[in-house]
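Engineer: below are the sequence and a predicted model; questions follow.
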Amino acid sequence: MGLDDYYYNKSRFEVHTYNNPVLALSEFKPNFYDLLLTDINMPHMNGFELAEKILEFDVNIRVCFI
């Protein structure tokens, strides 16, 4: 919520949130996102697995584990 309301150089961040890593992966768009913020412990897939799969689609995305 904090990033969604934050403005940088008069531009607003566009934030997409998911409660399910499998759904996040299925809706991922390569070369669209700049940053992936992910929990490490999640149901169905952990954050390391999610990041590994996302990086297969987009090697330029930055990943931050929480």
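Structural biologist: Everything's here; your move. A quick note: this is a predicted structure, and the numbers were derived from the prediction, not measured.

Engineer: show me the strands in this structure, by range?
Structural biologist: 7-8, 11-12, 35-38, 62-65 (DSSP state E).

Engineer: how far away is Asp58 from Pro43?
Structural biologist: Computed with CB to CB, to the nearest Å, the distance linking Asp58 and Pro43 is 24 Å. Bear in mind the C-beta positions are built from the backbone N, C-alpha and C, glycine included.

Engineer: what's the closest non-adjacent residue to His44?
Structural biologist: Val22 (5.1 Å; CB to CB, 6 or more residues apart in numbering).

Engineer: burial measure for that neighbour, as a count.
Structural biologist: When neighbours are counted by other CB atoms under 10 Å, Val22 registers 14.

Engineer: which parts of this structure are helices?
Structural biologist: Per DSSP state H, the chain carries helices over the ranges 21-26, 47-57.

Engineer: closest to Arg12 out of these?
Structural biologist: Among the helices of the chain, the nearest to Arg12 by CB to CB is helix 21-26 (21.0 Å).
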